[in-house]
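A.B. asks: compute the structure for the input listed below.
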Amino acid sequence: MQNSQHSEPLVRLLGVTKMYVQPDNYDILILDDITLEIRPGEFVALLGPSGSGKSTLLRIITGLSSPSFGTVLYRGRPVTGPNLHAAMVFQSFALYPWLTVLQNVELGLQAKGVLPAERHDRAVKLIDLIGLNGYEDAFPKELSGGMRQRVGFARALAVEPELLCMDEPFSALDFLTAENLRSELLDLWLESKIPTRAILMVTHGIEEAVYMADRIIILSKNPARIVSDMPIALPYPRNRKDPAFMQMVDTVYKVVTGWDDNPHQSAVADLSEPKNPDRPHLRPIPHGHLSMLSGLLELVADRGGRDDLYHLGSELLLEVDDLLPVTETAELFHLAEVKEGDLYLTDLGHQFVEADVSKRKEIIRNQLYDIPIFRLIDRVLRSKTNHAMVKEFFNDILEEHFSVEEAERQLMIAINWGRFADFFHYDTDTELLYLADDQLLSSQEGVQDSE
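C.D. replies: Okay, the predicted model is just below:
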């Protein structure tokens, strides 16, 4: 594509901030002071951990959502509603099942008031361009996932958007189908066969971002801030086995996994500095599965106690979104550390790997006493006469600090960790968290040890 350095930006974000109001007028900050530009000729990838606000930012750019503060400009004019110069390709295809392929592609043109004959001709040409010639009269249920996503691309491109926005467009597809679609879209873009002036893609795949984009915006989370704006100068077409490509992927991995000098701080800290300083704010715990944690640590231990995260992810077929919660959990439990994109086992991590199941439970249990959400649960259960409390009570507390969905997810992670470590019991029928006699004794010892 054309050199974009000296072009006027299509999109400018100036201090964009997004927050959601919770009960008692408490705000959850999702995006914090996002400032960036997207220029004609650019293929930009938005990359960051799960829950970092990537999709929210995409919706704000396309005008489907409004920022709480800050300004969104398109060609110098404020975006105050849906941006008619932008189109979206969704992860879930978002096709109307009662419409044919042709009718789905024509939808945007119909909404813009294009006459029937013209919109039919434009839709047919695009259907042919994206490789679905002969399927014009088919319904979505007759198509494979890859074919349905091709329809999604055709529908977005039919309105000839200057800015094409894609929200993890390949994540719902199998590996080969996704690879094929990536290559075909890149060919259309690089050969200027589509009218699009710029592409903005949300992804959680580091390799995908390096393979497709010429610029990567990396976001932190809780809240999302831009931690890196990285140009990708590799020539197209890109070879995944090229040492320069592999080096670039490794560099991005180091930025994504090392954007915070203290990567597990967000999970360990008891209090943050919220907008209301009189109110404590509970920090989230990572979405890490303990069974995956144990396997990962065993694998790294077999390799001398250190391994490269990029190579680990590639070997285990894990995207960064899948791998990071596990490494964050390992850091939270002081079992491993991430340095310069490598995972190192700590002394406690080596003890964990060599221990039997009961000793592993004890190690995790001892770490849980230092985590605010578990100290909260333990205090509540010990203070009750029957040493039991319904799950909904803790869920209500967490909803004061997180969205409804995230509160539920945080509590289920806590329950899974707590049950594994014999920190408390949980009855799935009554939805009660409770302490047995032996847990009452160990919890008292644990609190004393941690103080």
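
A.B. asks: and the closest residue to Gln91 other than its chain neighbours, how many neighbours does it have?
C.D. replies: Nearest residue to Gln91, sequence neighbours excluded (C-beta to C-beta, 6 or more residues apart in numbering): Glu168, at 4.4 Å. In this view, the C-beta of every residue, glycine as well, is placed from N, C-alpha and C. Using other C-beta atoms under 10 Å, Glu168 is surrounded by 21 other residues.

A.B. asks: start the count at 31 instead of 1 going forward.
C.D. replies: That works, and once the first residue is 31, the last one we named lands at Glu198.

A.B. asks: mind listing what Glu198 touches?
C.D. replies: 85, 121, 232-234 (C-beta atoms under 8 Å, 6 or more residues apart in numbering).

A.B. asks: mind redoing it with 6 Å?
C.D. replies: 121, 232-233 (C-beta atoms under 6 Å, 6 or more residues apart in numbering).

A.B. asks: where along the stretch 331-480 of the chain do the strands fall?
C.D. replies: 336-338, 366-369, 372-375, 418-420, 455-457, 462-464 (DSSP state E, counting those that start in this stretch).

A.B. asks: tally of neighbours for Ile403?
C.D. replies: 24.

A.B. asks: Ile443 is in contact with that one, correct?
C.D. replies: No - checked against C-beta atoms under 6 Å, the pair Ile403 and Ile443 is beyond contact range at 9.1 Å.

A.B. asks: the residue nearest to Ser174 when sequence neighbours are not counted: neighbour count?
C.D. replies: Spatially, and ignoring its direct neighbours in sequence, Ser174 is nearest to Thr207 (7.5 Å; C-beta to C-beta, 6+ apart). When neighbours are defined as other C-beta under 10 Å, Thr207 has 17 of them.

A.B. asks: any idea how far Thr207 lies from Ala184?
C.D. replies: 16 Å (C-beta to C-beta, to the nearest Å).

A.B. asks: ok, the residue nearest the centre of the chain - contacts?
C.D. replies: By C-alpha atoms, centre = their mean, the mean C-alpha position of the chain lies nearest to Ser80, the distance being 2.2 Å. Shown in contact with Ser80 (C-beta under 6 Å, 6+ apart): Asp351.

A.B. asks: distance of it relative to Ile445?
C.D. replies: 20 Å.

A.B. asks: what of Val119?
C.D. replies: Taking C-beta to C-beta, one finds Val119 at 37 Å from Ile445.

A.B. asks: look at those two and report which has more neighbours.
C.D. replies: When Val119 is set against Ile445 and neighbours are counted by other C-beta under 10 Å, the residue ahead is Val119, at 23 against 19.

A.B. asks: that one reaches Ala184, doesn't it?
C.D. replies: No - look at Val119 against Ala184 with C-beta under 6 Å: they stay out of range, at 9.8 Å.

A.B. asks: how near is the residue nearest to Ser174 to Glu214?
C.D. replies: Distance from Thr207 to Glu214, by C-beta to C-beta: 11 Å.

A.B. asks: coming back round to it: helix/strand/coil for the residue nearest to Ser174?
C.D. replies: helix (DSSP: H, G, I helix; E, B strand; the rest coil).
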